[in-house]
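Novice: Prediction below, plus the sequence it came from.
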Amino acid sequence: MHSSYPRRAGRRALAVLGTAAFGVGAFALPAAAQTPEPAADVLFDEPVEAGADSATGAIKLVFGDDFEPGEHDVTAQLSVYGNGWQLAGGTTDDGSCELGGTPEQWVNCTAADADAEIEFAFDYLAGADMPSGEYNYSLLIGVDGVNLEVINGTVEVDGDDDNGGDPTEDRPYLHGSTEYTDAKPGEGVEVAADFLQVEPLPEDTAAVVVTAFGSDYVLNGLTRATAGYDNCKEYEDTVSCVVTDFEDLPDTVFGFDDPITYEVSGTAPGPVEVCACSYSVRTVNADELEEHYGGVFWDEDSDNLFGLRVVTEPESEFEDSHSGYIGITTRAHPFDLSVSASNAKGAKGDQVTLTVPVKNLGTADAWSFFDGPGSYGLIGELPKGLELVKVDSDGDDDVNCFKSDDTFVKDSFPKSDLKNADFVCLFYSLDAGESFDFKFTVKITDATANGKGTLEVAAIDNDGYPGVADAVATNNKADITVNGSGTPQLPKTGTSLGMIIGIAALVLVAGVVMMVVTARRRKAGAEE
């Protein structure tokens, strides 16, 4: 079974897909058996000519007999990978599309009360400096809030390459993967990656550029790449180091002679993969060196230069000519979500609004790990004597509420007992030391009722991901009572997610990838 959610901690291949949220539609769920699935095609006029004017493509969806026209809402999100390879928006009779990303690398389309055959139009183009090659795309289709299996494909780009269209000649290096565990929040991780030269360098090579990227996905912000060398430039969370003292040695493994440091946020939770990052090594000629970096911008006699070294005993496997993977996982550093008891005071027939502070008492942020309506839930079960009127907080900037029998809610909290829940409300995140007031209105139907209800705060569990623990389990659940009365409830079958994650720090399940690192076709994005 495929992953239930596009993860915010996903690998770089997942990056663009996760940045565009559909609201509920982007809260990716397993395709239920009753969910209609279309035949889907993404239409480009291939090969795409780099540097040409934009052309119009289409997402075509054709549903079968199990699809009732006018009874379903359909979404489609197309994401492409590679700087210079861009999408633009469009509109059809069946729905509208909007674009996003920098550059525009995804397009979201929506058709309400859709027909059985849908065609979403969009514009696309490839930048003039894109190398020739096959570039990856992903198509995520949603039906009534349930997302289907991601469809991956490729599109051919015909670039204006001096090498006759073989991008490996402009990129004579193959990259590997490197991973670091037990990173301490608030400190730096020194990264030194290796790469293999497989072809002679182009004759006009003026410099070798090493770029270390931050997380493409929304975990971007928990780490930041830095390098205090004179021949390196920093761009937000990305670093590019320009090396003019290089060797041309085919079939040789090189590595960073000096580390690039990834600073880890002091409030990063753990254990969790906080950096699904990457690095790239490529060559530039004199014109490119001048255009992108201003030429040699450092004192060449400096003794503080980033350099390269020959690696005699490499430990990596080298596969991709465009980028390599850098993974950083934090050590245990829990957040501590809590809720307080609430009491509905009044006479029979009264409506009472209850305000419950939701707090993060820990030193780590409860980070937003998933696309869609949230990463944490407030599960409310009212006692006898109370009837839910409304959830006042529903629709606030950070709260989205659902019925407890909705499929995606059950999928989000597989270990929680939702059978008698009156509401499940999701929120995105809560920083360390912060809180917000959760409000819901109830009607008192029996002012003398002495039962107890509960309000529980729990993290979404996607097959054990993200795996960070709540520091204290006992404050994850609190009583809801009527006029201060209440008798203990008998234990229910099953264990709440809040208790599960409070007992021990769950081990992070490695980030699910829809495509391996080779899916990315990314040039050094910090060269402008």
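Specialist: Structure's in. What do you need?
Novice: make it CA atoms for all contacts and neighbour counts henceforth
Specialist: Fine.
Novice: wait, is residue 179 part of a helix?
Specialist: No: secondary structure of residue 179 (DSSP: H, G, I helix; E, B strand; the rest coil): strand, not part of a helix.
Novice: Residue 213 versus the residue lying closest to it once chain neighbours are set aside, what's the distance?
Specialist: In space, residue 179 comes closest to residue 327 once its chain neighbours are excluded; the distance is 4.5 Å by Cα to Cα, 6 or more residues apart in numbering. Distance, residue 327 to residue 213, using Cα to Cα, to the nearest Å: 11 Å.
Novice: Give me the more crowded residue out of those two.
Specialist: Taking other Cα atoms under 10 Å, residue 327 and residue 213 do not tie; residue 213 has more neighbours (29 against 20).
Novice: List the buried residues in stretch 221-234.
Specialist: Neighbour counts over stretch 221-234 (16 or more other Cα atoms under 10 Å) mark 221-227, 229-234 as buried.
Novice: So residue 477 sits against residue 453, correct?
Specialist: No: with contact defined as Cα atoms under 8 Å, residue 477 does not reach residue 453; the gap is 10.1 Å.
Novice: Where does the prediction get shaky in the chain?
Specialist: In the predicted model of the chain, residues 1-34, 81-84, 90-95, 100-104, 129, 160-170, 216-220, 371-372, 486-528 satisfy pLDDT under 70.
Novice: quick one: common contacting residues for residue 327 and residue 213?
Specialist: Listed as contacting both residue 327 and residue 213 by Cα atoms under 8 Å, 6 or more residues apart in numbering are 277, 278.
Novice: how far away is the residue nearest to residue 179 from residue 277?
Specialist: 6 Å.
Novice: Next: residue 67.
Specialist: Taken as Cα to Cα, the span from residue 67 to residue 277 is 41 Å.
Novice: With neighbour numbers in mind, choose between these two.
Specialist: Each of residue 67 and residue 277 has its neighbours counted (other Cα under 10 Å); residue 277 has more, 29 against 19.
Novice: Going along the chain, name the helices of the stretch 301-450 of the chain.
Specialist: 407-412 (DSSP state H, counting those that start in this stretch).
Novice: what about the residue nearest to residue 79 when sequence neighbours are not counted, neighbour count?
Specialist: Closest residue to residue 79 apart from its sequence neighbours, by Cα to Cα, 6+ apart: residue 106 at 4.2 Å. Residue 106 has 27 neighbours, counted by other Cα under 10 Å.
Novice: Quick check: bridge partners of residue 106?
Specialist: residue 79, residue 100 (DSSP bridges).
Novice: was I right about it contacting residue 78?
Specialist: Yes: with contacts counted by Cα under 8 Å, residue 106 reaches residue 78, the gap being 5.5 Å.
Novice: Does residue 76 touch residue 112 like I think?
Specialist: No: taking contacts as Cα under 8 Å, residue 76 lies outside contact range of residue 112: 11.7 Å.
Novice: in the sheet, who's paired with residue 283?
Specialist: Going by DSSP bridges, residue 283 forms beta bridges with residue 208.
Novice: residues contacting it?
Specialist: 170, 171, 201, 202, 205, 206, 207, 208, 209.
Novice: Residue 76 and residue 112 - which one has more neighbours?
Specialist: A direct count of neighbours by other Cα under 10 Å for residue 76 and residue 112 places residue 76 higher, at 24 against 15.
Novice: now that one, nearest residue through space, not along the chain?
Specialist: residue 141 (4.5 Å).
Novice: Quick check: which element contains residue 109?
Specialist: strand 106-111 (DSSP states H and E).
Novice: Okay, buried residues for stretch 439-459 please.
Specialist: Buried-residue list, stretch 439-459, by 16+ other Cα under 10 Å: 440-459.
Novice: Just the C-alpha atoms of it, please, in PDB.
Specialist: Taking Å, rounded to 0.1, in the frame of the first residue of the first chain, the C-alpha atoms of stretch 439-459 are listed here in PDB:
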ATOM      1  CA  LYS A 439     -13.600  26.700  21.500                       C
ATOM      2  CA  PHE A 440     -16.700  24.600  21.000                       C
ATOM      3  CA  THR A 441     -20.300  25.100  22.000                       C
ATOM      4  CA  VAL A 442     -22.500  22.500  23.600                       C
ATOM      5  CA  LYS A 443     -26.200  22.300  24.700                       C
ATOM      6  CA  ILE A 444     -26.900  21.000  28.200                       C
ATOM      7  CA  THR A 445     -29.600  18.300  27.800                       C
ATOM      8  CA  ASP A 446     -29.200  17.000  31.400                       C
ATOM      9  CA  ALA A 447     -27.900  19.400  34.000                       C
ATOM     10  CA  THR A 448     -27.500  16.500  36.600                       C
ATOM     11  CA  ALA A 449     -25.600  14.100  34.300                       C
ATOM     12  CA  ASN A 450     -22.500  12.800  36.100                       C
ATOM     13  CA  GLY A 451     -20.600  11.100  33.200                       C
ATOM     14  CA  LYS A 452     -17.300  12.300  31.900                       C
ATOM     15  CA  GLY A 453     -16.300  13.000  28.300                       C
ATOM     16  CA  THR A 454     -12.800  13.600  27.000                       C
ATOM     17  CA  LEU A 455     -10.800  15.900  24.800                       C
ATOM     18  CA  GLU A 456      -7.600  14.400  23.500                       C
ATOM     19  CA  VAL A 457      -4.800  15.900  21.600                       C
ATOM     20  CA  ALA A 458      -2.800  13.500  19.400                       C
ATOM     21  CA  ALA A 459      -0.300  13.600  16.500                       C
END
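Novice: what about that stretch, distance to the chain center?
Specialist: Centroid separation for stretch 439-459 versus its chain: 35 Å, with Cα atoms, centre = their mean, to the nearest Å.
Novice: again with stretch 112-131
Specialist: On Cα atoms, centre = their mean, the centre of stretch 112-131 falls 22 Å from that of its chain.
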